[in-house]
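Asker: just need the structure, nothing else, for what follows:
(chains A and B)
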Amino acid sequence: MPRFGLLVVVERCQGCNGCVVGCKNWHADEAGEPGRIKLIDTTTGTFPDVERWLFPLICMQCRYPACVAVCRFDACVADERGRIVINRDRCVGCGLCVLACPYGARAMRTDGKAGDGCDFCLDRVNEGNPPYCVATCPTGALIFGDLNDPDSEISRAIRRRKARPLFPVYRTRPRVFYTRALKVEKLIPRAT
Amino acid sequence: MRNRTIIPTMCHGCSYGGYNCGMLAHVENGRFTRVEGNPDHPLNRGGLCAKGQAAVQWVYNPNRLKTPLAGTGGRGQADFRPVSWELALESIANRLLEIRERFGPETIIFSKGQSSGWGGLHHLLWMRFMHVLGSITFSNWGPSVCYSPQLMYYRQVIGGPTYPRPDYDNADLIIEWFTGGGTGGPARGGVETLDTNLRSVPVKILDRVEQGAKLIIINPQLIPIGANGRAYKWLPIRPGTDGALALAMMQVIIEEDLVDRPFIDQWCEGFEALKAHVQPYTPEWAEPITGLPAREIREVARLYGSTKQACLRFSEAPQKEDLRSFAQSVATLMAITGHLDRPGGNIYFFPAGRLSFSTLSHRVPKRSKERLLGADKFSVRASGGHSAFFPSVIEAIMTGRPYRPRAMLIFGSNPLGTARNPALMAEALGKLDLVVVVDVVRTPTTRFADFVLPAATRYECREQPALWSNHLSLSQRIIDPLWNTRDELEVTLELACRMGFGDDFWQGDYAAMVNEFLKPVGISLNQLKERAREGIYLPRTEIMDQRERFETLFRNLPNGKIQLVNKALEGVGGDPLPVYHGERESWEQAEKQNRPRLLFTDEHSAFINHHAWMRDIPYLRELQRHTEVKIHPQTAERFGIREGDWVEITSPHGTMKAVARLFPGIRQDTLMGQHGWWQGCPTLGLPETSPLNGGTNPNVLYNWEYQDPLSGDISKNTLVTIQKGSPPEEVTPKEEKN
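Answerer: Just a heads-up that it's a prediction; the model follows:
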């Protein structure tokens, strides 16, 4: 059984927003709705010794998702393949999942209900294609594949680049990995 | 049952109508629903940037012009009534023929923007239209504010057909000199194009940097390609002083003998004079001018001089008024260090063929040619005198000297936004007898038009081939034109036929025109359509893959050699050896005149727009809602400005408004704004703003009379004050009600 994961190669992200807008394009989102991907653009340091960091923040596809844990209405569930599914009919818009996600990956829609989780574009993956953001990234900064297969491109890249999930301290077991994780996790605005 | 088709085409987020990324467009039940990158296209290999991903919203944009309009009020009033295409084209044809008869064909001006591509099918068709009409007044602001003035200097200094582009694939040192580093076209992986600027090749840079090449950024701000630990060095230069840096680098390289002696001996003349000339331009001399420590200048100079495979990209000049000092110095620097046309250096691209048909320039009467506006300018003469100098056109409209232009046909351009002096442009438009604007969306220029014609987006237009290097690619129609819009190429053909020029315009047969355009490469439109997904690769020519083609490159230079003491430039009032003049509104001048020491320039490109285009597209606009000015946090504190505040920026020439974005990655003495902001976005409830003084256009801050003497490049550096302000006034659009 494959366990799909994603690697963000921060060194190759140019911050073009291709994934951010591409996700909306592929899923035909209405304008003004929160997207599933956010771009972080932070500059630290004192001129002229500054560092600028650009990278996408995506739903971490946690094995033990905080959003599911806090939902009291079963509106937010992990299905048998591990993807997070929002049942809009059951969602009351309490917003607990937004608060609970330690990665800030969840947002409320303009209709007051919880925003979609990312499902790694399961329809595409079932047809043998990578998620849309991966396919569309102009610089190949996103690598998708089977984490259970030690010889997959993603497994090899994670080892070679010493990538790890952001904030492993939360123990949600994300399936999204980042290179330069120690560096970039400090730059993510925290929900609380 | 849904009826879904996938049509291969090219993206039109960048070079509209040019060679672009490959795209697969999804159509469901006649509706364009979404796009994806075409994995079989060599330029982007499946990738697409934000602009491309917003294609569907660009097509179904409620802001679009939907039907032909005829102006009923005075110029600038924007009182319009809808008219039929039939009536509009018949009236325009009659008016043009009448003006030609009464005042001469040279009084008719054609103005196109970058939007519809350079040198491509649009460009050639429109030139042909003008030539048959009898005018060569084919001009616009582009050549006065863009990268092309540099071409003139490069040809004069180091020869070659265009200018040498970085060979990233083989470079061990990459210097991005006031470029966007890919922000202009982030998905374009394979080419640095002839027809555009700032459209770089981030994929290649990233690949080389990962393989160990050093990346140096020379820019007042830290651009994205230099982020994520990629920049080996960032030289945060004071805007407008890049010529001083280049001269100082040259001084170090010559003094420390890091030059390429054999190349100089064989291919250059006048080295000893250059050596003596640059002696005073030490890094210590450049330090107070550029704001960069002398040791940093020295280090970068040594790196460039001692790295065999080192390339520079400099496509958009940071200095406009003093372009000569920058362009002349950098061209010379590349030559004497032996980086010219060698692997990993700066090389010339020769395409495997050219798509083209005759523009029938022999049909222009002698009288028209003699009355070319701006023929006194060296840049016009140097480029063969086949297009006018736009500032001279504006002067002629304003003064009636040497004669008064009467009509302007404006296709896909917004000269009111592009002009360094928008108010003057507005006044000039008001003095014309006929103004026709053809565009996809309303612009500030449309309100000065007698006729506004709604263009279809390229996704609704017929086949258009484009060639880069040896790859032939095709843009195709995804859906029929929406509303009452039409393909501007078909409109041009019809207008020509209505004016009695049918014999020269294929009797209006679009496919016949495209086939003639394709003829030089021996491919028919039908052949290309069959291979629309992957395109067609032409056989490579021998010269494409050669390097050190010095005999060919220098053949038009005196003695076939680079003249380091350039008599040709001297003869027309230029500098024989590169000299630093500096911009008139610079740090040094501020110090001398005790004026506010805050510099302003604009950053030229951003990921989510192509110049002014697509700012009304919700997917893109929600990423940046207002025009922004980048300001260092310490500078902001000094002026009591906080993140997100509306600010007023005032130069000696005007005032603009923008939202402050606090950014530690910019010099404290410099503000950087963005050009091309005026569009509203009704979907997100954002109003339109004015391109005139007090609006959101940085061009009001510059003085259009501050021009580089030979190329006519217009300054985009100035001294400003900044203070908290109110949001800009809203402009109420009138065109939409139709």
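
Asker: first to last residue in stretch B:211-221, what's the distance?
Answerer: End-to-end distance for stretch B:211-221, by C-alpha to C-alpha, to the nearest Å: 25 Å.

Asker: show me what counts as buried in it.
Answerer: Residues B:Ala213, B:Lys214, B:Leu215, B:Ile216, B:Ile217, B:Ile218, B:Asn219, B:Pro220, B:Gln221 are the ones in stretch B:211-221 that count as buried (16 or more other C-beta atoms under 10 Å in any protein chain shown). Bear in mind the C-beta positions are built from the backbone N, C-alpha and C, glycine included.

Asker: what's the answer for stretch B:64-84, then?
Answerer: By neighbour count on 16+ other C-beta under 10 Å, the buried set for stretch B:64-84 is B:64-71, B:75-76, B:78, B:80, B:83.

Asker: average pLDDT for it?
Answerer: For stretch B:64-84, the per-residue pLDDT values average out at 89.

Asker: check whether it contacts chain A.
Answerer: No - under the criterion of C-beta under 8 Å from any C-beta of the partner chain, chain A is not reached by stretch B:64-84; the shortest gap measures 15.4 Å.

Asker: now do that stretch: everything it contacts.
Answerer: With C-beta atoms under 8 Å, 6 or more residues apart in numbering or on different chains as the test, stretch B:64-84 has contacts from B:85, B:87-88, B:91, B:426, B:429-430, B:435, B:439-442, B:446-455, B:482-485, B:733-735, B:738.

Asker: give me the subset of the residues you listed lying in strands.
Answerer: Judged by DSSP state E, strands contain the following of these: B:Val435, B:Asp439, B:Phe451, B:Val452, B:Leu453, B:Pro454.

Asker: quick one: pLDDT of the closest residue to the first one other than its chain neighbours?
Answerer: What it means is B:Val435. Nearest non-adjacent residue to B:Val435, counting by C-beta to C-beta, 6 or more residues apart in numbering or on different chains: B:Ala449, 4.7 Å away. Looking at B:Ala449, its pLDDT stands at 95.

Asker: neighbours of B:Ala449, how many?
Answerer: B:Ala449: 27 surrounding residues under other C-beta atoms under 10 Å in any protein chain shown.

Asker: picking that back up, just the buried residues from the contacts of stretch B:64-84, in PyMOL please.
Answerer: Typed into PyMOL, the line below selects the buried ones among the contacts of stretch B:64-84, using 16+ other C-beta under 10 Å:
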select buried, chain B and resi 85+88+91+426+429+435+439+440+441+442+446+447+448+449+450+451+452+453+454+455+482+484+485+733+734+735+738
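
Asker: counting by contacts, list what the helix or strand of chain A with the lowest mean pLDDT packs against.
Answerer: Least confident element among the helices and strands of chain A, by mean pLDDT, DSSP states H and E: strand A:84-86 (a mean of 83). Secondary-structure packing of strand A:84-86 (3 or more C-beta pairs under 8 Å, 6 or more residues apart in numbering or on different chains; DSSP states H and E): strand A:76-78.

Asker: and the strand it packs on, what's its mean pLDDT?
Answerer: 87.

Asker: partner strands of it, with direction?
Answerer: Strand A:76-78 has these partner strands in its sheet, going by DSSP bridges: strand A:84-86 (antiparallel).

Asker: list of residues touching the partner strand?
Answerer: A:59, A:61, A:65, A:67-68, A:75-79, A:113-119.

Asker: list the buried residues in stretch B:260-273.
Answerer: Using 16+ other C-beta under 10 Å as the test for burial, stretch B:260-273 gives B:Asp260, B:Phe263, B:Ile264, B:Trp267, B:Cys268, B:Glu269, B:Gly270, B:Phe271.

Asker: from those, which land in helices?
Answerer: Among the buried residues of stretch B:260-273, DSSP state H puts B:Phe263, B:Ile264, B:Trp267, B:Phe271 in helices.

Asker: return the residues in contact with B:Glu210.
Answerer: By C-beta under 8 Å, 6+ apart, the contact list for B:Glu210 reads A:Glu11, A:Arg12.

Asker: repeat that for the one 4 residues further on.
Answerer: Counting by C-beta under 8 Å, 6+ apart, B:Lys214 makes contact with B:Asp172, B:Leu173, B:Ile174, B:Tyr232, B:Lys233, B:Leu303, B:Thr307.

Asker: can I assume the third one sits in a helix?
Answerer: In other words, B:Ile174. No - per DSSP: H, G, I helix; E, B strand; the rest coil, B:Ile174 lies outside any helix segment and is strand.

Asker: and what about B:Ala25, helix, strand or coil?
Answerer: Quick answer, by three-state DSSP: B:Ala25 is strand.

Asker: what pairs with it across the strands?
Answerer: The partner residues for B:Ala25, given DSSP bridges, come to B:Ile7, B:Val35.

Asker: so what's the residue count around it?
Answerer: When neighbours are counted by other C-beta under 10 Å, B:Ala25 registers 24.

Asker: roughly how far does it sit from B:Leu43?
Answerer: 16 Å (C-beta to C-beta, to the nearest Å).

Asker: just list the residues touching the residue positioned nearest the centre of chain A, thanks.
Answerer: With distances taken as C-alpha atoms, centre = their mean, A:Ile58 lies nearest the centre of chain A, 2.0 Å away. By C-beta under 8 Å, 6+ apart, A:Ile58 lies in contact with A:Leu6, A:Val8, A:Cys19, A:Arg36, A:Ile37, A:Ala105, A:Cys118, A:Cys133, A:Val176.

Asker: residues contacting the first one?
Answerer: In other words, A:Leu6. Shown in contact with A:Leu6 (C-beta under 8 Å, 6+ apart): A:Ile58, A:Gln61, A:Phe120, A:Pro131, A:Val134, A:Leu142, A:Ile143, A:Phe144, A:Ile154, A:Arg175, A:Val176, A:Phe177.

Asker: tell me the SS of residue 186?
Answerer: Picked chain A for this. Using three-state DSSP, the structure places A:Lys186 in helix.

Asker: how deep is it tucked in, by neighbour count?
Answerer: 11.

Asker: close to chain B: what parts of chain A are there?
Answerer: A:10-18, A:20-22, A:24-26, A:28, A:31-32, A:39, A:43-48, A:50-55, A:132, A:135-140, A:180.

Asker: any stretches of chain B with poor pLDDT?
Answerer: For chain B, the stretches flagged by pLDDT under 70 are B:1-2, B:114-118, B:190-200, B:734-738.

Asker: nearest spatial neighbour of B:Ala294, skipping sequence neighbours?
Answerer: Excluding the flanking residues, the one nearest B:Ala294 by C-beta to C-beta, 6+ apart is B:Pro283, at 3.7 Å.

Asker: ok now do the one you found, which residues does it touch?
Answerer: B:Pro283 makes contacts with B:Ala248, B:Gln251, B:Val252, B:Ala294, B:Arg295, B:Ile297, B:Arg298, B:Ala301, as judged by C-beta under 8 Å, 6+ apart.
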